[in-house]
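Asker: Sharing a sequence plus its predicted fold:
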Amino acid sequence: MAIKKIKTAIFISGRGSNLKSLINYSRKKKSKIKIFLIVSNNSKAEGLKLSKKHKIKKMIVDFKNQKMAENKIIKELNSQNIKLICLAGFMKILSKKFINKFKHPILNIHPSLLPKYKGLNTHKRILQNKEKYTGCTVHYVNEKLDSGKIILQKKIKIFKKDNLKKISDKVLKIEHAIYPEAIEKILN
Ligand code: GRF
């Protein structure tokens, strides 16, 4: 029997490498999601190119007026019957109203071992503080930045020779693995 896949929207603002990993995951026969929509606040986001390539509808929304932007998105999510949102490098903080209106899970991925190093420039701060470990976290989204309940986390060691580029590359690699895993975990 074919698995019934959860209709999913991915929100991005930039490069879209996590979007790519989620598309790859969604195309597996046994995956739990199907991606119906890519939302971006940035019309120049590199990741938007994946919309055409994979024939996934894209929606570009100007967040200058966040309230209007969120209403527009909610309308689209409802009309497409979207049941899961994955934020993947989405640089806007969704309002409490939006989170309450969307009655289904909203997930985010963050490149640190939350609750440590919320916010931007995580790798830089981690190296400055000479941390021995870093990693990434998939968590539920609430109205506070990078603060919702943790779903899955993966830890890696930082070596003396690791610089910013090395750390970002290593963490990004595990991000691509952990996001699908976290989805599997919550939809099981
Ligand atoms: C990732 O490091 C993610 O954890 C963070 O923003 C970055 C997005 O990268 N929230 P990409 O656009 O998925 O390549």
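Answerer: Thanks, I have it.
Asker: For this protein, which residue occupies the most central location?
Answerer: residue 88 (2.4 Å; Cα atoms, centre = their mean).
Asker: Against the ligand, how distant is the closest residue in space to that one that isn't next to it in sequence?
Answerer: Of all residues not flanking residue 88 in the chain, residue 18 sits nearest, at 3.7 Å (Cβ to Cβ, 6 or more residues apart in numbering). From N, CA and C alone the C-beta is placed, and that goes for glycine too. According to Cβ to the nearest ligand atom, to the nearest Å, residue 18 stands 3 Å off from the ligand.
Asker: residues contacting residue 18?
Answerer: 12, 88, 89, 109, 175, 176, 179 (Cβ atoms under 8 Å, 6 or more residues apart in numbering).
Asker: nearest residue to the fifth one other than its sequence neighbours?
Answerer: Closest residue to residue 175 in three dimensions, ignoring its sequence neighbours and counting by Cβ to Cβ, 6+ apart: residue 136, at 4.8 Å.
Asker: In the helix or strand containing that neighbour, which residues are buried?
Answerer: Assignment of secondary structure by DSSP states H and E places residue 136 within strand 133-140. For strand 133-140, a neighbour-count test (16 or more other Cβ atoms under 10 Å) marks 134, 135, 136, 137, 138, 139, 140 as buried.
Asker: following that strand, which helix or strand shows up next?
Answerer: strand 150-157.
Asker: Count the residues that sit near the residue lying closest to residue 187 once chain neighbours are set aside.
Answerer: Among residues not flanking residue 187 along the chain, residue 32 sits closest, at 4.3 Å (Cβ to Cβ, 6+ apart). Using other Cβ atoms under 10 Å, residue 32 has 20 other residues around it.
Asker: Ok, residue 15 next?
Answerer: Neighbour number of residue 15 under other Cβ under 10 Å is 14.
Asker: Likewise for residue 4?
Answerer: 8.
Asker: Which helix or which strand is home to it?
Answerer: Residue-wise, residue 4 maps onto no helix or strand under DSSP H and E.
Asker: now, which of the contacts of residue 18 sits nearest the ligand?
Answerer: residue 89 (2.6 Å; Cβ to the nearest ligand atom).
Asker: Quick check on the closest one: phi, psi?
Answerer: The phi/psi pair for residue 89 (degrees, to the nearest 10) reads phi 70, psi 30.
Asker: just checking, it touches residue 13?
Answerer: Yes. Applying Cβ atoms under 8 Å, one finds residue 89 in contact with residue 13, separated by 5.7 Å.
Asker: Next up, the contacts around the residue nearest to the centre of the chain.
Answerer: Contacts of residue 88 by Cβ under 8 Å, 6+ apart are 10, 11, 12, 16, 18, 19, 22, 47, 109, 179.
Asker: do the same with residue 59
Answerer: 37, 38, 39, 40, 73, 76.
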